[in-house]
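1. Sequence first, then the predicted structure:
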Amino acid sequence: MKKTIVALMAGVIFGCTSNEQSLIGKWKKTEQHVGGNAGEKAIVEKISAGKTYTFGKDNKLSVLADGIHDSGVYEVIKEKKYHILHVISLNRTETFDQYFRIHFVDSTKMDKMAFVPIHPDNEIMYSAGRTDIYEKLE
C-alpha cells in the first residue's frame, strides 16, 4: 500500500513537471483563430508582430507585447482533461491575471501550442471560439 501511494505521488509530481518542462522557452503568437464553435469554419488571421512569452525553469515569465516588456510568474494546472496555464504578469501600472487551456497542435513536434482564453472557473471566454497559436522560437 505504501509503495502504491509513493508511486501515485511520484506520477503526479513528475507529470506536472513534464508539462511545465515542455513549456519552457520562448513562444511567439503567429495565428489567431476566431469562430468555429458553432460548426462554421474558423477565420484564421496570421500575426506577424505577435505577443511573445518566455517561460523560465523557475516559473518566471517574461512577456513582450506591443513593444512593452512585462515580467511575472506562471503555473500549469491539470484540471480533468485540460492543462490550464495560469499567467500573472506585471508592468508599471497593471497586473494581468490570465488563464488559458493549452495543448500542443502537433504532439510529435511540440513546436506549436494552442492557447484558448478561459475564465478562472475554466469556462471558455469567447462563446464563438478563439484560439491563439504560438510557435516555439527557442
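-> Thanks, I have it.

2. Please make it C-alpha for all contacts and neighbour counts, starting now.
-> Noted.

3. the helices in this structure, which residues?
-> Along the chain, counting by DSSP state H, helices occupy 2-23.

4. That one: strands as residue ranges?
-> Listed in chain order, the strands of the chain (DSSP state E) span 25-34, 43-46, 52-55, 60-65, 68-79, 82-90, 95-104, 112-118, 130-136.

5. Would you format those as TSV with distance to residue 124, mean pLDDT and mean neighbour count included?
-> Output for the strands of the chain, formatted as TSV (distance: least, CA to CA, whole Å; pLDDT from 0 to 100; neighbours: other CA atoms under 10 Å):
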stretch	distance to residue 124	mean pLDDT	mean neighbour count
strand 25-34	13	95	19
strand 43-46	18	94	13
strand 52-55	21	96	21
strand 60-65	23	93	18
strand 68-79	14	92	16
strand 82-90	12	92	18
strand 95-104	9	92	18
strand 112-118	4	94	21
strand 130-136	9	94	22
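
6. Ignoring the adjacent residues along the chain, who's closest to residue 100?
-> The shortest distance from residue 100 to any non-neighbouring residue, by CA to CA, 6 or more residues apart in numbering, is to residue 117 (4.5 Å).

7. For residue 93, see how far away residue 61 is.
-> 17 Å (CA to CA, to the nearest Å).

8. swap in residue 116?
-> 26 Å.

9. Got the phi and psi for the closest residue to residue 119 other than its chain neighbours?
-> Distances taken as CA to CA, 6+ apart put residue 125 closest to residue 119, at 5.8 Å, once the chain neighbours are dropped. When read as degrees, to the nearest 10, the backbone of residue 125 gives phi -70, psi -40.
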